[in-house]
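Trainee: fold the stuff below for me.
(chains A, B and C)
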Amino acid sequence: MRTRYLWLLGVGALAGSAPSGRPAAPPAAPGGTISGKVTYTGTPPKMKPIDMAKEPACAQAHAGAPVLTENAVTGPGNALKWVVVYVSAGDQPAPPPAEPVRYDQKGCQYIPHVAAMQVNQPLDIYNDDPSSHNIHPLARVNPEWNKSQPKGAPPIHTKWEKPEFIPVKCNIHPWMHGWFVVLATPHYAVTGDDGAFTLAGLPPGKYTVTAWHEQFGTQSQEVTISDNETKTVNFTLKATPY
Amino acid sequence: MGKFFAVVLTVITAVSTAIFAARVWWLPADISAHGAGIDRQLQETMLAAGVLFVLAQLGLAVFAWRSGSARGAPRTFPGGATPLVVLAIALVGAEILALTFVGSKVWAAVYERPAAPDALKIDVEAEQFAFYFRYPGPDGAFGAIHPERMSDATENFFGLDPAHDPAARDDIVVPTLTIPVNRPVALTLRAKDVGHAFYVPALRIQQDFVPGLAIPLHFTATETGKYEIVCTQLCGLGHYNMRAYVEVVPQEQFDRWLKEQATQQ
Amino acid sequence: MQHDTAAPPAARHHHAPPRGFWRTHVFSVDHKVIGRQYLDLALVAVCTGMVLSWLMRLHLAWPDLPIPGLAKLSPNGAAGGVITPEYYLSLMTMHGTIMVFFVLTTAPFAGFGNYFLPIQVGAEDMAFPRINMLSFWVTLLAFLVLIASFFVADGPALSGWTAYAPLSAVGKDAGPGQGLGQTLWAVSIAIFCIAQLLGSLNFITTTLDLRTKGMSLARLPYSTWAWFITSVIGLVAFAVLLPACILLILDRVAGTSFFVPAGLVISDRLQPHAGGSPLLWQHLFWFFGHPEVYIAILPGFGIVSHILPVFARKPLLGPRAVIGSMIAIAFLSYTVWGHHMFLSGMNPFSAMLFSVPTLIITIPATIVTLLWIGTVYGAKLRFTTPALFCLGFISVFVSGGLSGFFLAQPSTDIYLHGTYFVVAHFHFVMGVAAMFGIFAATYFWFPKMFGRMMDERLGKWHFWLTFIGVYCVFMPMHYLGLAGNVRRYAAFTDDYLKPLIPVHRFITVAALFTGAAQLVFLYNLVRSRFRGAPAPANPWEATTLEWSTPSSPPPFDNFGGRPPAVAHGPDEYGVPGPTGDYVMQAAPAAGAGAVAGAGAD
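Mentor: The predicted model follows:
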């Protein structure tokens, strides 16, 4: 019985990959790529452990490994995390993807710390904790709002209509802090522990690429891409201890 | 109907008084040096109020009971209004004098006297919706507070400027108030945004924070343990969730804790 | 100022009967219509305020409970029907504001006072009938502005009926409910102040100037005394709240800083204000706020003093002491406001200065209470519904007043401030005692206002269910306070509060039960309007002038063009009279012959 199922699966896979009368998926975008790493010089501030004593359920969730502040997270080789690298000029605006960006309130933390998204891309905000949260995006260009989500509340479905770097705080838990980075361009990336980023699918042209970090500021570089070219662009931001 | 009223009122009076007297729900044990005076004042007031409560309600009940079966012309209270007026003035007046005389000393001990000169100085910053505490660090000096530098994201709750202010560099900022037992503690209360309050029932201490003011509050904890500090001044949507813990620990443990905190700054 | 023995000034205050539907029933200058309009407004307000309290209590007992229909009313505040913390605080703010202003200041004072004060002094109407009409419509406007705040995007105000600054003064940054909702709150209350000032002017002038022949101050009914004293308190108190609200509005919309100091960081924004004092708001508010609570209760004192003798069939014990005590309370009420602020950060040396007069105020309150109890002594009480509510008033006033002893002393206030002990105290004196005064007045005066009797059996059911119910709701709050249970919390998540949640559930069940019992009252009220037994002219065999009017309800000019002449005091009960054991105020003086004065018997 199981072998027959597998055989059917195999046939189905072959059938799906063979050319058929149905319209094929659109071809992959032509591929110029800008990739690189973001690092820092100087001394960054020490990330401090967050004591969530006032919310025991969250304190317990991190009992063995306390959460640290995230305003300057570094990695091996002076890598800098949570940097948003994006095309700030030379790009054509594109319609937002249908896939929503997910933002979680879990263990009294915002996950991810920095959520990058396109203008008008759907954003879903979940409360996964047993306590209430009140998320407050401190928008200045977009309309500012805040909304409570008691335990078990449905997710908030929203979107942003204008590009902006929006700090996000929780009105109930002061240590919770994050960012919504709303961009006009479809070409952006957020660095991880290794500080690396890749911007793919770039049509040939001249671009300005900007790296933004919440604590250490921004830096821009001009890059020209011809057809399918891969260029490496690195950023080094200046870190200060305070 | 008069008898029924009397019975219902008597039952209500008896049940209410019994629950008070039995201390089914009562204050937590007092862990402060000054609290005995407050507890005594509370008990004295409870006794006086309790006696008046029982007498007044039962008096009303008895008269209502009798009224149902009264015969003949209505009778005026013996002596008319005068005995009752005199009783009210004498009884309540005497009680007021007694309570005020003793109570004013209790109040003065906490709020009208400065903290002991060797008290441990700790700053408290209240914000929507948490308390943060600051110890001066090995240099014994507090850094200046700059409101424009305050940032929850970088945990700079006191708006310190360590880049330019050496006194601020070793300030120890924590969300839990750790204090040594049997040592006077002198808090300075500041609020960053709106009004808040500091209340620890077991310590018999409460004080509002007023934005724009730095308000002193001192006490000595006499028992170790972990207690809750809760906010009692409506400060916004997270008011119910605004609390911190105070941990009263032995002196040596406190010294160790303080040294360990200093290395982390 | 009219002298006692001059020709009745009421005659000079003649106005023509109203014509047309609108002038008779809606835009009427007749104090009786205006009084009923106030009472109708208070009825709508109390139903609203009570529903708000049910929502609050349900949330406190079962925080995750979705409440059907609530999401429609406030999609932001109660998504999925579950009340958010900010919505709980908004409900609480609106509950307090509606109850204190639109029920307790409106019904016993503006409602019954408007209806009966002119009649009880023997006048045709208030001194300024058109201003009287204006004050009702301005009150209604204030109510509508307040209700409108339920529907603004940011939600209604959530800083409590006390609206402490800076939370109430900085605007939207301070959080939900602090945007347009808070501004509308301040505007509504400012408008209400204006209405109250106009009303006070009318009451004072009418009492002093429009008394009929023979109605000396010594013969004034106790309810009239109470309304008169209340209106004097109101004149000074509301005259302070009005500018306070204006300053608050200016801080919110005009960039001033009366109540906001420099250097505040709210929502990560440095606020642009500088130089203001949050304590200034508290001083201004409580300078009004404490006299306000006496405005809420003194009419009840007057009503109980008025009604108790009727059913005890004997005069009030110690009338001069009762009136003198009411005056003393009024005077002292201006000296005690700081007892709300012992821990506020104001100079602690001032605490005793406020504590002493606060304790002293208990003396006249005790005098009055003992004199009522002394009136019941030796009486053959007629246990009608109004009489029961008077007895209930005495009992709950004792309970509420005694808890004040703890809060009047700064030393015990250190522990009890901000706890449910305070909530218990003010609900007993305001939410229960003052309400019992309103109930007593309603059952007592309904026959005169509508010409029909309310159903006695339903009335008694209402009384017993309510009397037992309110003790079950509010007595346990004292215990919660002694355990340190903080007030104004949307949920009890603290370690030491969790064990107290069962008590809260008991209170919630009792509150819902007691609320349901009020349906008995509402049903009785509505049914009796249309199907109540026709009322005799003087069903209670009472003596004051409202029972001498030619009809029930009285004609538009109260006495059919024949103002009464008064020759007796307000509570001549237990004395032989022409029709029983009482002598009407409007009856001729003893030995003056059998010529009847104006008014049927």
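Trainee: near chain B, which residues of chain A are found?
Mentor: Contact residues, chain A versus chain B (C-beta under 8 Å from any C-beta of the partner chain): A:45, A:48, A:50-51, A:53-55, A:69, A:71, A:131-132, A:134, A:148, A:167, A:169, A:171-175, A:177, A:214-215, A:240-242. Where you see a C-beta, it was placed from the backbone N, CA and C, and this is true even at glycine.
Trainee: show me what from chain C comes close to chain A.
Mentor: Residues of chain C lying near chain A (C-beta under 8 Å from any C-beta): C:63-64, C:76, C:79-80, C:82, C:84-87, C:175-176, C:267-268, C:491, C:493, C:495.
Trainee: pLDDT below threshold where in the chain?
Mentor: Let's take chain A. A:1-30 (pLDDT under 70).
Trainee: that answer is for a different chain, and I need it for chain C
Mentor: C:1-15, C:591-601.
Trainee: burial measure for C:Glu16, as a count.
Mentor: For residue C:16 the amino acid is Ala, not Glu. 7 (other C-beta atoms under 10 Å in any protein chain shown).
Trainee: in terms of helices and strands, where is the residue lying closest to B:Gly103 once chain neighbours are set aside?
Mentor: Nearest non-adjacent residue to B:Gly103, counting by C-beta to C-beta, 6 or more residues apart in numbering or on different chains: C:Ser411, 4.3 Å away. Using DSSP states H and E, the element containing C:Ser411 is helix C:410-416.
Trainee: one step back: quick check on the residues of chain C next to chain A: which are buried?
Mentor: Neighbour-count burial within the residues of chain C next to chain A applies to C:63, C:76, C:79, C:82, C:84-87, C:175-176, C:267, C:491, C:493; the criterion is 16 or more other C-beta atoms under 10 Å in any protein chain shown.
Trainee: near chain C, which residues of chain A are found?
Mentor: Residues of chain A found near chain C (C-beta under 8 Å from any C-beta) are A:56, A:131-132, A:134, A:136, A:138, A:146-148, A:150-154, A:167, A:169, A:171-172.
Trainee: residue boundaries of the helices in the stretch 1-150 of chain B?
Mentor: B:2-22, B:35-68, B:81-87, B:93-111 (DSSP state H, counting those that start in this stretch).
Trainee: can you pull the buried residues of the first one?
Mentor: Going back to what we said before, that points to helix B:2-22. B:Gly2, B:Phe5, B:Ala6, B:Val8, B:Leu9, B:Thr10, B:Ile12, B:Thr13, B:Ser16, B:Phe20.
Trainee: hmm, back to that, after the helix holding C:Ser411, next one along is what?
Mentor: helix C:420-426.
Trainee: who are the packing partners of the following helix or strand past that next one?
Mentor: The first helix or strand that comes after helix C:420-426 along the chain, using DSSP H and E, is helix C:435-450. Packed against helix C:435-450, as judged by 3 or more C-beta pairs under 8 Å, 6 or more residues apart in numbering or on different chains; DSSP states H and E, are the following elements: helix C:31-61, helix C:112-121, helix C:278-312, helix C:385-408, helix C:456-482, helix C:501-531.
Trainee: between helix C:435-450 and helix C:31-61, how many degrees?
Mentor: 150 degrees (axes from the mean of the first three to the mean of the last three C-alpha atoms, to 10 degrees).
Trainee: taking helix C:385-408 as reference, get the angle to helix C:435-450.
Mentor: Using the same axes, to 10 degrees: helix C:435-450 against helix C:385-408 is 150 degrees.
Trainee: check contacts around B:Tyr240.
Mentor: Residues counted as contacts of B:Tyr240 (C-beta atoms under 8 Å, 6 or more residues apart in numbering or on different chains) are C:Pro85, C:Arg488, C:Tyr489, C:Ala490, C:Ala491, C:Phe492, C:Thr493.
Trainee: which of those sits closest to chain A?
Mentor: Proximity of these to chain A was ranked by C-beta to the nearest C-beta; the top entry is C:Pro85 with 6.1 Å.
Trainee: what's the closest non-adjacent residue to C:Trp185?
Mentor: Going by C-beta to C-beta, 6+ apart, C:Trp185 has C:Ala157 as its nearest residue, at 4.1 Å.
Trainee: doesn't the one you found belong to a strand?
Mentor: No: applying DSSP: H, G, I helix; E, B strand; the rest coil, one finds C:Ala157 to be coil, outside a strand.
Trainee: look up how far C:Ala490 lies from it.
Mentor: 15 Å (C-beta to C-beta, to the nearest Å).
Trainee: ok so, going back, pick out the most distant pair among the buried residues of helix B:2-22.
Mentor: B:Gly2 and B:Phe20 (27.0 Å; C-beta to C-beta).
Trainee: who's A:Ile225 bridged to?
Mentor: A:Gly205 (DSSP bridges).
Trainee: residues near it, how many?
Mentor: Based on other C-beta under 10 Å, the number of other residues close to A:Ile225 is 20.
Trainee: list the contacts for it?
Mentor: Neighbours of A:Ile225 in contact, by C-beta under 8 Å, 6+ apart: A:Gly32, A:Thr33, A:Ile34, A:Leu202, A:Pro203, A:Pro204, A:Gly205, A:Lys206, A:Tyr207, A:Lys231.
Trainee: before we move on, what SS does A:Val141 have?
Mentor: coil.
Trainee: for it, which non-adjacent residue is closest in space?
Mentor: Once flanking residues are discounted, A:Val141 sits nearest to A:Glu164: 4.4 Å by C-beta to C-beta, 6+ apart.
Trainee: got the phi and psi for the one you found?
Mentor: For A:Glu164, the backbone dihedrals (degrees, to the nearest 10) come out as phi -170, psi 150.
Trainee: surely it and A:Asn142 touch.
Mentor: Yes: contact criterion C-beta atoms under 8 Å: A:Glu164 and A:Asn142 qualify, at 5.5 Å.
Trainee: common neighbours of these two, please.
Mentor: A:Val182.
Trainee: who touches residue 161 in this structure?
Mentor: No chain specified, so I'll use chain A. By C-beta under 8 Å, 6+ apart, the contact set of A:Glu161 is A:Val119, A:Asn120, A:Asn142.
Trainee: the intended chain is chain B.
Mentor: A:Tyr242, B:Gly143, B:Ala144, B:His146, B:Arg149, B:Ala168 are the contacts of B:Asp161 under C-beta under 8 Å, 6+ apart.
Trainee: roughly how far does it sit from A:Met47?
Mentor: 19 Å.
Trainee: bridged to A:Lys169, which residues?
Mentor: In beta-bridge terms (that is, DSSP bridges), A:Lys169 pairs with A:His136, A:His177.
Trainee: got a list of what the closest residue in space to C:Phe389 that isn't next to it in sequence touches?
Mentor: Leaving aside its sequence neighbours, C:Phe389 sits nearest to C:Ala440 (C-beta to C-beta, 6+ apart; 3.7 Å). Residues in contact with C:Ala440 (C-beta under 8 Å, 6+ apart) are C:Ile303, C:Val304, C:Ile307, C:Pro386, C:Phe389, C:Cys390, C:Phe393.
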